[in-house]
Every structure is written in C-alpha cells, then in structure tokens.
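> From the sequence below, what's the structure:
(2 chains)
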Number of protein chains: 2
Amino acid sequence: MTPYYPPVRDTLFVIEDVLEFEKYRGIEAFSLVDAETLEAVVSEAGKFCAEVIAPLNQNADAQGCTRHEDGSVTTPDGFKEAYTSLVEAGWGTLAQPEEFGGQGMPHVLNSVFEEYMNGACAGFTMFSGIMQGAVATVNSAGSDELKAAYLPKMVAGEWLATMALTEAHAGTDLGLMRTRAERQADGSYAITGEKVFISGGEHDLTDNIVHLVLARVPDAPAGTRGISLFLVPKVLDDGSRNAVSCGSIEHKMGLHGSATCVMNFDGAKGWLLGEENMGLAAMFIMMNAARLGVGTQGLGHAENSYQKAAAYALDRKQGRGLGERDKAAAADPLIVHPDVRRMLMDARAFAEGFRALVLWTALHLDLSHHAETAEERQQADAVVSFMTPVLKGFGTDRGFEVAVNMQQVYGGHGYVTEWGMEQIVRDARIAMIYEGANGVQALDLAGRKTAKDGGAVAMAFLAQIAADCDAAGDKLAFIADPLGKAVHHGEAAAKMLVEQGATNPQDMAGASYAWMQLVGVLAVGWMWLKQAKVAQGKLDAGEGDEGFLKAKLATAEFYAEQQLPLCTALRHRVKAGAGAMLAMEPEQFLRS
Amino acid sequence: MTPYYPPVRDTLFVIEDVLEFEKYRGIEAFSLVDAETLEAVVSEAGKFCAEVIAPLNQNADAQGCTRHEDGSVTTPDGFKEAYTSLVEAGWGTLAQPEEFGGQGMPHVLNSVFEEYMNGACAGFTMFSGIMQGAVATVNSAGSDELKAAYLPKMVAGEWLATMALTEAHAGTDLGLMRTRAERQADGSYAITGEKVFISGGEHDLTDNIVHLVLARVPDAPAGTRGISLFLVPKVLDDGSRNAVSCGSIEHKMGLHGSATCVMNFDGAKGWLLGEENMGLAAMFIMMNAARLGVGTQGLGHAENSYQKAAAYALDRKQGRGLGERDKAAAADPLIVHPDVRRMLMDARAFAEGFRALVLWTALHLDLSHHAETAEERQQADAVVSFMTPVLKGFGTDRGFEVAVNMQQVYGGHGYVTEWGMEQIVRDARIAMIYEGANGVQALDLAGRKTAKDGGAVAMAFLAQIAADCDAAGDKLAFIADPLGKAVHHGEAAAKMLVEQGATNPQDMAGASYAWMQLVGVLAVGWMWLKQAKVAQGKLDAGEGDEGFLKAKLATAEFYAEQQLPLCTALRHRVKAGAGAMLAMEPEQFLRS
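Numbers count the residues shown, from 1 in each chain, chains lettered A, B, ... in the order given. Have a look, this model is predicted:
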C-alpha cells in the first residue's frame, strides 16, 4: 500500500502565502512561530504522523480493540507505544495553555497536526483528538482546585478524556437524558447511569481517563435546561478505582482502532464543572472544538485516499488513452483517462481547497482569542461560529465522497480489503454522523448561525467573497467570474432563508441542507480564488516553483468548472423549502 | 431489524398503469400473462423473496463464504436450502426460453424478481442473477450439441454458471488477458490461466458449475480481437472433475454472501462458444444482461434501505418538531423533521422513479425480441442499448447514495453492525465497480451510444420527453415545466457531446460522467411525469387509492424541486470537457 505522505508543502503554501501568517506576528501566540519554527513544526508533525502513526492504520482495522472480561480494553498493537511517543514529543500540547504546561502556539498549527493525524490513522486519533476541547472545557468551567488537579496531566497527555453525552434513547436530543447526579456531603456527586457511543471510554493508553459526563441533579428542570456537567475520573486521587466501567464495545462499520464504549456509571464520584443545570453551555465548548476536529477528519480521509489513488493511477496500466500514449507498452496507466483525472482532480480540488478553509478558520479561532481589539475578536468569533457547522457537515460529506471516488479509481481492488481503500471509506463514514449528525449541523447553520441574526454574518461573509471577485482582475476571471455569479445565488439563498426563518421555520429546516452545501461550495471556491491569486502573482513575478503554481491554477479552474455550477441548483433547493417534503402523512412512508 | 417488504403495490402500479401492460397483450410472451397471472407472479415473487431470501441476509454478511483446504467452498447457513427452494419453485426460469424448459415470460417479470431478490439479499442473488445472461450467451453462440447438453440444466437452475473474464492485470482492459486455450484432437480446448474476481466460481449450491471463460488460442491476434469464449464445466460429462479449482476467496468490504473466487484453470477441458477470436461479442450478450441486473441491484439496495429508515424514522423519538407535535410525549419521532423527510423523500423519489425506468427498459428488451415489425424491434433495441449504461452506472451510484443517506437517518446506530444499515452500504458499494466500473459505463454511453450515431438515439429519447412535457397540461405543470426546461439542457449537452466526439474525443471522455448523470436525472424525471400523469388522471376520475396517488404527486413534486435543477450544472460540466482535467502532468498528482 502507498504510504501516507503529509502534504507539508501544500500546508506551508496555505499558511505562509495564502493566509500570510507573517501579518499576524504581532499577536502573542503567533510571535512564538517565526518562519523557521513554522516550517520545522509542520514538517516534524508530518514526519511523526507518517513514521509513527500511519503504520498503525491497517492493523488497527484488522485487529480492532478488545474488551476483556474484567472490563479492561486493549487497543491494537503499537497504539500504546505510539501514544507514549506522542506524549514524549509533546505533540498534544502545541496549542494548549502555557499556564498548565502547554506550548501556547496558534490553533492553526494544531489544525495542521490534526489533519495529518487523521490522514495517518483516524482510529488512533480518536483517543487524543478530543483533548483540545476537553482542556478548554475544564479550564473554562472548572474550579481552581479541579484545574490544578487535572489540567497539567491532561495538557501533557498523561491522562486522556472522554465526552460522555449520549444515552441509548438520547442521541441528538440530549434533553432526554436520564443519568443522575446526587449531591454528596463532601461536595462531590454520585453519578449513576449508562452512556453509549463513548469514544475512548476505556483503553490501555493512559493510567487514568477523565470522563466529562452530562447528568441531571435530582431537582433539575426537564429538558436541556436541567443538564449539568461533571468531571468523573476513572481513577480517584487516592489511587482507587472509581465506580465507572466499560460494559461492552460496539461492533462498527469501521474506525475499529477506536474503542466505542458503553460506559456504566454506578454511583461514580464526580465533581461539578461550572454551575448546576448549566452543563450544556460548558459542554458546547468541547463540542465546538470537536466539530472543528471532525472537519479535519474529512480532510484527512480525502487527502489520504487521494494520495493512494493518484499513485495507483500512475502505476496501474489498463486500456488505451485517446491522446499521447506509450506505444511500446501494452496499455497506458489509468491516469491518461479523462474520467480518472476527473475523480483525482475533484479529490485534489476538495482537499487543497478545504485545507485552506480549515486553516483560515483556525486562524480566526486564534484571532477570536488574541486579536488586538474587542471588535476584531468578536468578528473572528462570529466567523468561527458560522464556519463550524460547515467544516463539520460539508467537510465530512465531501471527505467521504472523495474517499468513495478514490476507492473507485482502484476498480475491483478498491473493494478488496488488502488494498486499504475500503477501510478509508468505512472509517470516513462515521464522521458524517458523530459530533452532531450533518443534518443537525445544517440546522445549526441555517437557524442559529444564519436566520437568527437576520443573515448579518452570512451576508458579511458573502460580501467578502464578492469583493475579492470584483478585485480579481482579468487573469483570474476564469474563477472570479463564475464565483462572483455563484455568490449572487448565495446572497439570494441567504435572503430566502432569513425570510423562511421569520415566516415558516419548516421551510428553513427543509432548505438547511442545501444552504450548508451552498456555503461550503462557495467557501472552498473562495479559498481557490485566494490560492489562484497567490499562484498567478508568483508566476507573474517569476517566483516559486512553476509546476506547483500552475497546478494550483489548473485545480482552481477545475473547481470553477465542476463545482461552482452547483450553486444554481442549491439555490433552487433553498427556495423550494419543505413543502413537498411534508406533503405526505408519516404512515405513508411505510411500505407495509 | 425491520423485515424486507417487497414493494408489490408499487410494482403493479408501474406495470399495469404506467407501462400499460395490457396494450402489449398481442405479443406472444405477454399473452401468457393476463392481469391475474401478473398479480399472482409479482406477489408470489415478493413473498418468496421476503420469506425465504431476506432472512439469510444478515448472517450472510457475518458468516460469509468459507474456502476449505481441498478448494471447496461452503456458502453461509441456509443458502443451499433457499437455493433448492428457488429451483423447485422455478423462479429462475421465468423469462428463460421455453425450448429448454423455461417459462418464456416477459423480461419485465424477471426484472421484478431481480429487484426483489437484490433487495432481500444481494449476496445470495449473485449466484443465480447471472443465469439469464449465461443462458442467452450459450443459446446464441453454442453448438446444438452444447446447447442440448447444458441449457436444460442451466435453465432449470440445477447447474449455475460464472463469467470468467478478469485476470489480475486485466480488469477493465480485457485485451490484456493471458489465459490460453489450446486446441485438442477431440475438438475441445485445454484452458490454462488464472482468473480473479469470479463471483460464484466455487460453491456448494449445485453439483456442477458452468464457467464461461475468455481465453486466447495460440495464434490469436493481440488485444480484444484475439479473445475467444469457452464453456468449461466444473464436472465433465463422465462425472470426473475438470482441471479447474478455486485458489482462494477475496476478503471484501461487503457482499460476503457471494464467493468472489480466484479460479485456476490447469489445462481444463473446454468447448468453444461461437468462433475463435470472436469471444468478446458473445460475452457482451452476457455482460449486457448482467449490467441490467446490476442496475436492479442499485434499486434493491435503495428500496431495502429506504424501508428500514422509514420505519426507524417513525419509531425513534428524538427532538421536537417545529410543526404539529405530540405534546404528551417527551419527544417526536424523527420523521417530523424536514431534513429527515428530505432524505426519505429523496430515497422514495429515486426508488419509485428508477423502478419505473428499470421496468420500462425491460419492456423494451421484450419489445426488441417480440415486437411485430422489424423497425419496432430495432427501435426498442436501440433504447435498451442506450439505457443499459444508465441503469448500471446512474442506478448503482444513486442506489449507493440512497443507502448512505438511509444509514444517516439512523444516526450512530446506522454505524453499528447489528442494525444492518452499514451492511447495505458495504454491499451496495461494489455495484458501482463490477460489470464495468461506472466510469466505463459513462464512456460507453457518451461514445458508442451517443456520439457514434451523431446523437440520433439520444435526441429521439429526449424528444419523447419534451413531447410529453408539452402535452402535460396545467395540472402537471409542477413537473412538466421544470422537466421541459431540463430537457433543453439535455439537448444542448447532447449536441456538445456529439461535437466533442467529432473534434476532440478527450473532451467527450471528460464530459461523459456528467452526461450519464444528466440522462439519468432526465430519464427518472420522465418516469415521474408518467407516474404523476396516471395519478392525476385517476384522482380526477375518482378512481384508486387517494392516499397512494397523492403520495405519487408529492414525490413527483419533490423530485422536480430537488433533482431537476441539477441539469443546469450537469450541462455546464459537459460543456467544460476535459481541459482542466488534463492540464497537469501525471507526476504532479503525486504528493511525493
């Protein structure tokens, strides 16, 4: 199987040339990262993921995690050693707070690391990928005592954490949850209930696991206003085992390297994070971080599957091309066929465009914390809030689609286990479901993030794209013109959505998925305009690697031709609302 | 898990009301099937598939097929008994020639049976689904002696068959194959070589297996013009074992019920079918039948996954709807949410629309054999030829997409093995690859089936749709108007494709996938116009089940709103051709 190559060069092109990292050097977190450090961190992160993590991936799927009779869980061979290396190298601490031992670097760098980790082995990444959000949650909502006791170990990665939200009857709808938390004399709580789908609920990577658990205190109001958040360690301060255990692990379609646990809390000792009944807000700190992380999973799967398919398409000889060909050989490599190119170009166009979007959003996450003025911070925060469901929903949809297409490049071998492509498809599928199913992301984008403020953030976002299109000039017209037209569809759709939100929210809900796709297509298109602008500028100036820069222009053109025309159709779908969706009686959907 | 319900009512609506089966009663094959017989055959076919085949499906995946050390292969528990029932009931003989013991019924009925079988258990269906094409091939190309010796057993299903085409280095490109056939003194040939991906190459369902094998005679020209077709039985006339054996079975993403074999031919005795070096033409009889069959697989997966998701969406309570709701309950069923409806309606719109297209095509297959005049037969044959890559390529793409969406309705449970949804996705994936990968189908449609005759068949097909739109009247304007506009995009695209074919075939190849999707969206849209017309007519006349008919109108409207707008984008893609796809050097696709 083709190894995983961290796309270091493309990452640096985005950060240095497209995002112009240099401009932000005045901000403290960024001041730590001069050009040399940036290049060193990115290339070392890539090296670590390629050399230490990627080799785990195929066996992680074949072997999976094992739960033993005593409730302990063993991870696949090599996970423990790799995790120890990760902790020793300090990779988990990149963007963690310095106060608790972190390196305090920009989130942009952590996003790079997350992408590479997910491209290398998504199952492994599930154990540690959550730590950024877990630390932020405890840091934001925990008492000083809890922070002192837990954060140094969590930041260092010596202890891992979980998000324990879901119950069997309460998935998306957290308001239905039943897990109870009873106040104890010592100020702690006794937590009782069963949680399901808990990633990394039990494992052998660390001595302790810090569960962040949603539960209800006895007198809590019904629904989501009666949910509190607790910190429940697997091992207590005195070294004794807490009353929390893994009842079973799920048999899943993929992501076998990740232990998806049923966790039983039997009066387990826990401590309140924040205030009673305010748990959902605290948990959302974690969920938002996790959603951005899941977006990088879509990117990782797209990039990894693309690399393997591209290598295969150059290697595998089948059929004759219509153009130039190798007359001495009996057949040409697959890559001569335009339809194979179509799939590879689509994968490239998504991976490289979406990478830029992920890093652009991460930059705004940094700016939301560190920009100079409150207004800049607030604007950056609004951008992150608007883009979070897009990165999660659109990014994982397209990441899966790319993985399916890259499997297609392999023909029948794509379906056979040993080639590894079908694993990527199976692994990528879950990203569309967990951390809020993509339909929920679409609703979040349409309702809370678009209609609620009358479309202000959405329109400001679209206006930025429109302004860049207007200013692009003749050489970039090949993308700026169609993107400019597509933005008009976006603006029209945004207005309709706001109107629907005010007059008929069912229509808004029915339009939400198309809206998320429309924003995704436009946002990635914008990133292509930005990349094309840099590439054209460098070519005009006679700077840089001509081949690399021309490939950027070709890919931007491909994106403009293939993806931007979808915006018309998506606008139609937004306009259609929910009418025909709701015309039938529920029972009519049943065949019998 | 929700059981599989054969959609008998919808099938009969299509055959009786939309295709107006009655009109064809003058044709011999159809004269066997009066209204009562039709209803009996369809409902008994459904009953058989639901009761005998569907219960095999989940274990087929879990247990899979086993190859033993002696090369024998055991199918999953219950397969042998179910297959014996199938043979005893004569289901395989429906549309087989009466001359060899078949029932001589229309292909339309066999298509119904194929859909139900694939909906019930695709892995099981792989063993017998090939027999229609295998019998047709031997019947067309075999000597009288071979036909007499093999066809009665094959028609009855006492012996099963394989298509042995692919070799490890020769998948799509059959011209590369190396298997040798040496003439023997007794008129037979000794076949030597290794074939891979042979579905049902070895199993325990029948005493004998008839392999239809492509191989080269010693003096054969290079490439596809030097390929001959042979009949190679597992067991010879004298009861001895032929020199053909299963070397291994593949570990695959899904379809575990089907034994995908590496087959070794070690001087195996075989007989020529047709003439030397003319094997590809003979094999295409089989491949075309198989491609239509694989199209019904896409339909079966879509219908089966739809049924399960619909039942789950009515049962599972999560969150609150925005409209009417059950105030006494803590939550509403999933189906109140417009975005869940969107996914279910999309699945319905594909399954019911594509079912009509499959049966409409099967009707033309019957007409191509049995219509009164040579002109009618030729026209029907052109329709089948044009639609075959669309049913295979578009049908399996959309069948997979529907299965993925229906898995999404289940949220996290969709990813867990026990609920069965992830199996449908894994099983459905291969249909996009085998019998000619969907990109190959697109090339076939664009090149041989569209550009080659200057777009004559394509334009005639589009003209029929346009005429129906023009004649539809006000009540059907909700679909006829957008479909009429979409057809114009289709016509424009067809012209561009013909032009590309003449001037720059690379552009035609680059446009081919979009063209296949465009024809698919239009063809299914046409089927929705036809269904809406019948439904509206019956409602106007006060006939039939109002709920059923109104559901047809609602689904047609949904299709018009959601799918037809894609035609603009697909036309743009056709226009774009291959330029940007081919701009990069092959090596630039590699990350390292």
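> and for the lowest-mean-pLDDT helix or strand in chain A, what are the contacting residues?
Per-element confidence for chain A was summarised using mean pLDDT, DSSP states H and E. The lowest value among helices and strands belongs to helix A:28-31, with a mean of 85. Identification of contacts with helix A:28-31 by Cβ atoms under 8 Å, 6 or more residues apart in numbering or on different chains yields A:F21, A:Y24, A:R25, A:A95, A:G104, A:M105, A:P106, A:D366, A:H369, A:H370. For the C-beta atoms, the positions are set from N, CA and C on the backbone; glycine is no exception.
> With neighbour count and distance to B:A535 as extra columns, can I get the residues you listed in JSON lines?
Putting those into JSON lines (neighbours: other Cβ atoms under 10 Å in any protein chain shown; distance: Cβ to Cβ, whole Å) gives the following:
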{"residue": "A:F21", "neighbour count": "21", "distance to B:A535": "60"}
{"residue": "A:Y24", "neighbour count": "19", "distance to B:A535": "61"}
{"residue": "A:R25", "neighbour count": "12", "distance to B:A535": "66"}
{"residue": "A:A95", "neighbour count": "24", "distance to B:A535": "58"}
{"residue": "A:G104", "neighbour count": "15", "distance to B:A535": "65"}
{"residue": "A:M105", "neighbour count": "22", "distance to B:A535": "62"}
{"residue": "A:P106", "neighbour count": "28", "distance to B:A535": "59"}
{"residue": "A:D366", "neighbour count": "24", "distance to B:A535": "57"}
{"residue": "A:H369", "neighbour count": "15", "distance to B:A535": "58"}
{"residue": "A:H370", "neighbour count": "18", "distance to B:A535": "61"}
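> which of the residues you listed lies closest to A:F284?
Comparing the contacts of helix A:28-31 against A:F284 with Cβ to Cβ picks out A:H369 as the nearest, at 16.5 Å.
> quick one: the closest one is in a helix?
Yes. Going by DSSP: H, G, I helix; E, B strand; the rest coil, the assignment for A:H369 places it inside a helix.
> Would you confirm that it contacts A:V384?
No. Look at A:H369 against A:V384 with Cβ atoms under 8 Å: they stay out of range, at 10.0 Å.
> ok, the helix or strand following the least confident helix or strand of chain A near chain B or not?
Downstream of helix A:28-31, the next assigned helix or strand under DSSP states H and E is helix A:35-48. No. Judged by Cβ under 8 Å from any Cβ of the partner chain, helix A:35-48 and chain B are separated, with a smallest distance of 10.4 Å.
> List the buried residues of helix A:35-48.
For helix A:35-48, a neighbour-count test (16 or more other Cβ atoms under 10 Å in any protein chain shown) marks A:L38, A:E39, A:V41, A:V42, A:A45, A:G46, A:F48 as buried.
> Reformat these as CSV; add pLDDT.
CSV is the format used below for the buried residues of helix A:35-48 (pLDDT from 0 to 100):
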residue, pLDDT
A:L38, 96
A:E39, 97
A:V41, 97
A:V42, 98
A:A45, 98
A:G46, 98
A:F48, 98
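> quick one, strands of chain A?
A:66-67, A:73-74, A:160-164, A:180-183, A:189-199, A:209-215, A:228-233, A:244-249, A:260-273 (DSSP state E).
> Report the rounded mean pLDDT for the longest one.
Throughout strand A:260-273, pLDDT has a mean value of 98.
> So in that sheet, which strands flank that strand, and in what orientation?
Under the criterion DSSP bridges, strand A:260-273 sits next to strand A:189-199 (antiparallel), strand A:228-233 (antiparallel), strand A:244-249 (antiparallel) in its sheet.
> tell me which residues in it are buried?
By neighbour count, with 16+ other Cβ under 10 Å as the criterion, the buried positions of strand A:260-273 are A:T260, A:C261, A:V262, A:M263, A:N264, A:F265, A:A268, A:K269, A:G270, A:W271, A:L272, A:L273.
> So of those residues, which two are at opposite extremes in space?
Checked with Cβ to Cβ, those reach their widest spread between A:T260 and A:L272, with 26.8 Å between them.
> And chain B, is stretch A:470-480 touching that?
No. Stretch A:470-480 lies apart from chain B when judged by Cβ under 8 Å from any Cβ; the minimum separation is 9.1 Å.
> Can you give me the end-to-end span of that stretch?
In stretch A:470-480, first residue to last residue: 7 Å (Cα to Cα, to the nearest Å).
> just stretch A:15-35 next, same as before
By Cα to Cα, the extent of stretch A:15-35 from end to end equals 10 Å.
> Then stretch A:571-590?
Stretch A:571-590 has an end-to-end distance of 30 Å (criterion: Cα to Cα).
> if we can go back for a sec, export the buried residues of strand A:260-273 to a markdown table and tack on distance to A:G64?
Converted to a markdown table, the buried residues of strand A:260-273 look like this (distance: Cβ to Cβ, whole Å):
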| residue | distance to A:G64 |
| --- | --- |
| A:T260 | 10 |
| A:C261 | 13 |
| A:V262 | 16 |
| A:M263 | 18 |
| A:N264 | 21 |
| A:F265 | 25 |
| A:A268 | 27 |
| A:K269 | 31 |
| A:G270 | 30 |
| A:W271 | 33 |
| A:L272 | 35 |
| A:L273 | 32 |
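> from those residues, which is closest to chain B?
A:T260 (8.3 Å; Cβ to the nearest Cβ).
> Now A:G247: closest residue in space, sequence neighbours ignored.
A:V262 (4.2 Å; Cβ to Cβ, 6 or more residues apart in numbering or on different chains).
> Pretty sure the one you found sits against A:S199.
No. Taking contact to mean Cβ under 8 Å, the distance of 11.9 Å between A:V262 and A:S199 leaves them out of contact.
> The closest residue in space to A:A486 that isn't next to it in sequence: neighbouring residues, count only.
Using Cβ to Cβ, 6+ apart and skipping residues adjacent in sequence, the residue nearest A:A486 is A:C567, 3.9 Å away. Applying other Cβ atoms under 10 Å in any protein chain shown, we find 25 residues neighbouring A:C567.
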